Structures are given as structure tokens and as C-alpha cells.
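Novice: predicted model, plus sequence, below.
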Amino acid sequence: MIKLVVFDLDNVIIDGEAIDEIGKLANVEDEIAEITEKAMQGEIDFETSIKDRVKLLEGTSIEEIEKVADELPLMPGAEETINALKEKDLDVAIISGSFDVVAEKVKDKLGVDAVYTNSFSVEDGKLTGEVTGPLVSGSKLDVLKDHVEKAEITLDDVVAVGDGANDISMIESAGCGIAFNAKDSVKEIADIVVEEKDLTKVLDEIVNQLTTDDAETETVEEEAQEAEEEVVEEAAEEETQEAEEEVVEDAAEEEAQEEKPKKADKGLPKSDFVLADTMEGVRKQKDEKEAEISKVAEEREEYNKIAKEQRKIRDELNASLKENLNKAIEYRNERNEINKAVEAAKKARNDANNKIKNLEWSSGKRDKIKIENEIKKIDKIIETRVLDIKKENQLVKNANDLRKQLMDIHEDESVKSEAQELKKLSEEEHEKVIELSEKAQTAHEEMLKYFRKTDDIRTAADEAHKKFIEARKNASAKHEEFKAILSDIHVINKKLGSNKPRRRKSENKSSSGGNKNREEKERAEEIFEKFKQGGKVSTEEILLLQKYNIG
């Protein structure tokens, strides 16, 4: 989970290199820019580069430097990005080999939580040519580790954004490293590369990371929620089943009431029905109540039908929900496995790169670079300064001596061969990183697709469940209404001298018993026609004729 975002300052938060702009005050911008570029490319170590550049600024007014710092432009999107990160409750820090005179102004402008930089040494308002601070000899990773320890978080909670060689240590170690308009050496080790000079593109990547973290968290929460919902649904189903059983039992009671008049009132509500004054009026009341109870029974059955349909829809959706959730989890697990392979390939690549670096320094390359830089420095002094002949001759002699030393340095061929093999291995592992990262991204997108689909299905299932519960409540209400009318009918039947109510018929559908009686009567009439025409009649057929008083 992202908790801290760390930015480099020069060419990241501000659009430019602060020391290059300050160098214009002392007319040494070209020399400083050259050293800066070599440091950015990793050709010289940062400690040497910062000391050499600040030495060139000796005597520059600190007041003038502060004016330059005020005018340094922010990178496009810087203010929007920092504000958005703060709104998401993320801490923002700057770790830079640049200078506090610039960083503190940026901190105040943007509301950055913490800055770690170097400082110019100043005497009598002018630079002494010396530099101090945690990032002169220390690495950005060392500073970052101290910060996260104090903040009680881990490096996995950090996003690091930078562009130069001295950013590599923190970009490589952070949970997410972003190369912003960076050198090739930084792009190779970064998790994300942003090529546009617009910090909102970095913001987009961080928001994507936050979305990924939320999706993973949501997976766990959704699984728990699903389990909880299943329990709730099972409880609801049990209540529904009890309600259905109660309706069945009540219906069975009604059947029993018709067959056993003595127990007709059992389970029915007490009736306050007022009978008509005449028998004709009572019979009319009975017809009205039987029509009313038939209508209520049909309405109850319609609600039961709706409940059954919605329950089926809900159960099918819940089954589909589980399938989609399982798919999402499968893609999440696949992504995580691929990411493990990505980390292994990164480690192999970085190990090879570190071995290459050690071999190059041990093979004499470091000494060659140092001597070449010394020669260039002497040549620059000879070309640009007015010197007395004695001093100039000495400088020429020093340069020639250095050139002789340079010719005597020979790189070990076996070391060069080993370095080439390691470089090949590094390139192969980097290709793996790129290929596997693309696969991991594909799996991640599939995971999110199935999670979104799961949300849609859950919403539809919840809606079906609500309709199911509503229909069951309406059916139960209609059943209570049914029982109340049935109680009134019993009161009417007692008045009419019969405790057995007439069999009710739906306007649209006759009972199965009615159908049977009608069929028997039709058969009896056919038997009588056969008898009239002289046909023989069996004992069973005679009984049927007697039952319906035919003949």
C-alpha cells in the first residue's frame, strides 16, 4: 500500500538543473553542465561531481543565488500532482543532491512534507566553494531508509521518482520506481517509465498503483462480504421456507376444515362478521365472500409465482457471481506468480550490472576516466586563462605526464571478456523483465474486468433478492386476508346450517374434484343413452346412474 512518494528535485519537480542555472552567475555554466551530464550518465561518481561543480562557484553571492532559486520554473503538472497526492493522504518528500536554498522554496510553494538536500558553505555572503550535507557522500537510499524508519513504514510503501544515476539506488529499492524523462541507465531498472515532461503522467501511474492495491484489498473484503451475504441469504431462505411451510400448513388446515367440520375453526382468526337479517341476505353474503376469497387466493398465488421466479433469478446470479469471483482470483494469482518471476529477472539483471560495474572499475577504467578529466581541466585552464609562461609551462608538463600515465593503463582482456558476457546476461534478463511485465499487466487487467463484472452481478442479485422478499411478504399478507375471509365464511355456513363451506372455484380454473364429477356425470348420461337403445348395463354403471339420479 502506497504511503509515501519521493521525488528528485532537478528536472523532476523543477524544470531544469538548479546548479546549471546558478553557474551562469559565475560564467561557468558550460563546465558545470558538462560535469552534471557525466554524473547523470554515471560516468563519474556523484560525490566527485558535486564537489567539482561547487568549487567552480566559489565567490558567488548567496543573495543572487536566492534570486535565481525564486525564478526557477516548476515542472508542468508539479503543483497539480503534489496537491492530488496530498488529497489522497500520501506523504510527499524530496530527496535531492541539489541545494536547500532551492528545495526549501519549492517545499513552501507546494506543501511538501520533507526535503533532504545538500547545502552551500557561505562566508561573508559568498560561497566558499565547499558543500556539506547527507547527499555529498551518502546515497539517496540511505536517506530514504532513515526516513521510512522514522515514519514507521517500509520501502514497499514507497514510490520513488527520479531521472539520473544517483536516483537508481532509491528507484531500485522502492516498492515502485518511476523513471521520469530519465537516462537509459535509470529506465533499465525502473518499474515504470514516463517520457513526457508532465508530472500528471506520473500521477496517473501512481493512481493506477493505488487502484491495484485497492483491488487486491477489495478482493479479500469481497470474499468476506460474499461469505457474510451467503449466511444472510441462507437465513433469509430459512425464514422464507418457514413462511412457505406455514402457508402449506394453513392450506392443509383449510382442506381439513372442509373434510372435518368439527375442527373448522382451528388456526383461523376470530371473525366479527355481521350476518344479514334474512336468509336470502346471508346466502348473498356467502356468494360475495366466496368470490372475494377466490380473488384473494389468485392474488396470493401470483405473488408466490413472482417470489419463485425472483428466487430462481437470484440463485442463478449468485452462482454466476461465484464463478466470476473465482476467475478474478485466478487472474490475481497468475499476476502475482508472474510478478515473482519479474522480480527474479530484475535481481539477476541488477546483479549482472553490479558485477560489470565492479569489473570495469577494477580493470583500470576508473583511473582512465579520472586522468582524462584532469587533462581536460588543465587544457581548459590553459585555453581560457591568462597565465605567466612559467605557470603555463608547468601545466603543460603536468598534462603531458598525465597523458603518459594514460598510455600506460591497459584494461585486462580477460576482464573485458567477462564483462561482455555479463552484459549479454543483463540484456537477456532485461528482456525477460519487459516480457513478463506485459503478461502481468494483461493478467491484472483481466482480474479487474472480472471484479467489475462481479460487482454488476452482485447488484443484480441483491435486487432480485429484494423483489423475492417483497413478493413473499405480499403473499403472506394475502394469506392472512384469505384466512380472515374463510373465518367469515364459516360464520355464514353455521347460519345456513352447514359447517362445510361450498367448494370454491376460481373464475378462471375449476378444482380437480369438480372436473372429476363433471366427467362422471357425462359418462352416466352416455350409459343411460346406451340403456335406452337396448344395451346391457353393468352393476357399476347402474350405481353411477343412481348417483346422479339419471333414469
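Specialist: Received it, and whenever you're ready, just let me know what you need. Numbering: from 1, shown residues only.

Novice: could you point out which element follows the worst-scoring helix or strand of the chain on mean pLDDT?
Specialist: Lowest by mean pLDDT, DSSP states H and E among the helices and strands of the chain is helix 199-259, with a mean of 53. Scanning forward in sequence from helix 199-259 by DSSP states H and E, the next helix or strand is helix 279-362.

Novice: I'd like the average pLDDT over that following helix.
Specialist: Confidence for helix 279-362, expressed as mean pLDDT, is 89.

Novice: please apply the same query to stretch 452-465.
Specialist: 91.

Novice: that stretch: how far from the chain's middle?
Specialist: 18 Å (CA atoms, centre = their mean, to the nearest Å).

Novice: please point out which parts of it sit buried.
Specialist: For stretch 452-465, the neighbour count (16 or more other CB atoms under 10 Å) marks 453-454, 457-458, 461, 464-465 as buried. Bear in mind the C-beta positions are built from the backbone N, C-alpha and C, glycine included.

Novice: and that stretch, C-alpha only, in CSV?
Specialist: Provided in CSV are the C-alpha atoms of stretch 452-465 (Å, rounded to 0.1, in the frame of the first residue of the first chain):
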residue,chain,number,x,y,z
ARG,A,452,-16.1,-5.2,-12.1
LYS,A,453,-18.4,-7.9,-13.6
THR,A,454,-18.7,-9.4,-10.1
ASP,A,455,-19.9,-6.1,-8.8
ASP,A,456,-22.6,-5.8,-11.5
ILE,A,457,-23.8,-9.4,-10.8
ARG,A,458,-23.9,-8.8,-7.1
THR,A,459,-26.1,-5.6,-7.6
ALA,A,460,-28.5,-7.6,-9.8
ALA,A,461,-28.6,-10.5,-7.3
ASP,A,462,-29.3,-8.1,-4.4
GLU,A,463,-32.2,-6.5,-6.5
ALA,A,464,-33.7,-10.0,-7.2
HIS,A,465,-33.4,-10.9,-3.5
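
Novice: what about the stretch 351-500 of the chain, any weak spots by pLDDT?
Specialist: In the predicted model, the stretch 351-500 of the chain carries pLDDT under 70 at residues 360-366, 408-414, 498-500.

Novice: can you check the stretch 1-150 of the chain too?
Specialist: In the stretch 1-150 of the chain, residues with pLDDT under 70: 42.

Novice: ok, back up a step: so which of the buried residues of stretch 452-465 are in helices?
Specialist: 453-454, 457-458, 461, 464-465 (DSSP state H).

Novice: columns distance to Asp401 on top of those, output as CSV?
Specialist: As requested, these are exported to CSV (distance: CB to CB, whole Å):
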residue, distance to Asp401
Lys453, 75
Thr454, 75
Ile457, 80
Arg458, 80
Ala461, 85
Ala464, 90
His465, 90
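
Novice: now, which of those residues sits nearest Lys88?
Specialist: Nearest to Lys88 out of those is Thr454 (CB to CB; 25.0 Å).

Novice: which residue packs closest to the closest one, ignoring adjacent ones?
Specialist: Nearest non-adjacent residue to Thr454, counting by CB to CB, 6 or more residues apart in numbering: Asn324, 4.6 Å away.

Novice: neighbours of that neighbour, just the number please.
Specialist: 19 (other CB atoms under 10 Å).

Novice: and for Thr384?
Specialist: 8.

Novice: how far away is the closest residue to Leu359 other than its chain neighbours from Lys187?
Specialist: Excluding the flanking residues, the one nearest Leu359 by CB to CB, 6+ apart is Ala419, at 4.8 Å. Separation of Ala419 from Lys187 (CB to CB, to the nearest Å): 21 Å.

Novice: more neighbours: those two, which one.
Specialist: Ala419 (21 against 17).

Novice: angle of the helix or strand hosting the more buried one against helix 279-362?
Specialist: Using DSSP H and E, Ala419 sits in helix 413-495. Taking axes from the mean of the first three to the mean of the last three CA atoms, to 10 degrees, one finds helix 413-495 and helix 279-362 inclined to each other by 170 degrees.

Novice: residues in contact with whichever strand or helix holds Ile168?
Specialist: Using DSSP H and E, Ile168 maps to helix 168-173. With contact meaning CB atoms under 8 Å, 6 or more residues apart in numbering, helix 168-173 is reached by 6, 42, 95, 139-141, 144, 155, 158, 160-162, 177-179, 185-186, 189-190, 350.

Novice: surely Ile82 is in contact with Val112?
Specialist: Yes: using CB atoms under 8 Å, Ile82 is in contact with Val112, at 6.7 Å.

Novice: do a quick rundown of the strands in the stretch 51-200 of the chain.
Specialist: In the stretch 51-200 of the chain, the segments counted as strands under DSSP state E, counting those that start in this stretch are 91-99, 114-123, 126-132, 158-162, 176-180, 192-194.

Novice: among these, which is nearest Ile381?
Specialist: That would be strand 126-132 among the strands of the stretch 51-200 of the chain, by CB to CB, at 15.9 Å.

Novice: any shared contact partners between Ile82 and Val112?
Specialist: Common neighbours of Ile82 and Val112 (CB under 8 Å, 6+ apart) are Val92.
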